[in-house]
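> With the sequence up front, the predicted model follows.
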Amino acid sequence: MCADPNNLPFSNQRGQGFENRLADMLAKDLHATVKYTWWAQRRGFFRNTLNASLCDVVMGVPTSLEMAWTTRPYYRSTYVFVTKRDGGPAIGSLDDPALRKLRIGVQVLGDDGANPPPVHALVRRGLARNLHGYSVYGDYRSDSPPAAIVRGVARGEVDVALAWGPMAGYFARRSPVPLRLVPVTPQIDPPFMPFSFDISMGTRRHDTVLHQELDDFIRRRGPDIARLLDEYGVPRPGAATPAANPGTAP
């Protein structure tokens with residue numbers, strides 16, 4: 001398994017992420033053992049790990065990813081608006097006029113234009129000056145660096161944030177300030193910019209036996225996988241949205 005050693009809620013070296021838990025579930029199902037190759041998820045991750053044969057499987061890859069042979073999806077999630085539950089703005093749409101008066105946190109990759117969908121959608125709406133960027137990679141010396149955008153809402157650095165749902169759901173549950181998560185609408189911003197994505201496991205393209213085993217596992221263990229995702233607060237379109245601050249956390 002190739003995974004990031006410091007990327008909760010997905011994976012970490014202490015085995016606390018839901019992808020760690022899913023890997024354990026998979027290994028037990030296949031009567032195998034999990035061995036990790038740790039590699040920070042940056043550009044070049046697949047070239048230097050899966051496609052360099054340092055591992056056989058990568059969890060949590062977009063189903064449309066071309067750098068791996070993706071399985072059937074095992075969940076679908078969405079970008080969400082994150083605001084304070086008490087006194088924060090109730091934002092649910094990219095077209096809400098209130099956004100023009102708010103400080104908006106967004107996750108950014110860099111200055112080459114390859115940023116996540118919220119950046120493009122909000123810039124296209126003339127809101128570039130409202131945006132406050134938080135690096136997707138963050139300060140890797142800190143624990144789970146992508147969480148900075150959720151903490152930014154709790155601390156009042158921004159009024160609202162648009163963040164990837166699995167990450168936002170997990171850290172909102174741990175926030176000392178109650179937070180509200182609302183899936184972004186529209187889910188497809190015209191002409192075609194999606195805000196929800198199917199997520200799969202990835203193998204090399206010639207690993208046909210393993211790929212079939214993973215597909216069978218996902219099909220058979222779907223309810224168990226859904227329960228695991230609920231434990232971590234992963235919002236999924238069509239499923240009941242887990243509460244942001246339910247009082248318990250894995």
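On my side now, so go ahead.
> dump the residue contacts of Met25.
By C-beta atoms under 8 Å, 6 or more residues apart in numbering, the residues touching Met25 are 221, 224-225, 228. In this view, the C-beta of every residue, glycine as well, is placed from N, C-alpha and C.
> So which of those belong to helices?
224-225, 228 (DSSP state H).
> From those residues, pick the one nearest Arg76.
Using C-beta to C-beta, Ile225 comes nearest to Arg76 of the ones in helices among the contacts of Met25, at 11.9 Å.
> I'd like the distance between the closest one and Met25.
Distance of Ile225 to Met25, given as C-beta to C-beta, to the nearest Å: 8 Å.
> which regions of this structure sit below the pLDDT cut-off?
Where the chain drops to pLDDT under 70, the residues are 110-113, 138, 239-250.
> Now stretch 60-80: buried residues?
Neighbour counts over stretch 60-80 (16 or more other C-beta atoms under 10 Å) mark 60-61, 63, 68-71, 74-80 as buried.
> Could you identify the most distant pair in the residues you listed?
Across the buried residues of stretch 60-80, no pair lies farther apart than Trp69 and Val80, at 29.2 Å, counting by C-beta to C-beta.
> I'd like the next helix or strand past the host helix or strand of Glu19.
Assigning secondary structure by DSSP states H and E places Glu19 in helix 18-29. Per DSSP H and E, the first helix or strand lying C-terminal to helix 18-29 is strand 37-38.
> which residues touch that following strand?
Contacts for strand 37-38 (C-beta under 8 Å, 6+ apart): 1-5, 13, 49, 54-55.
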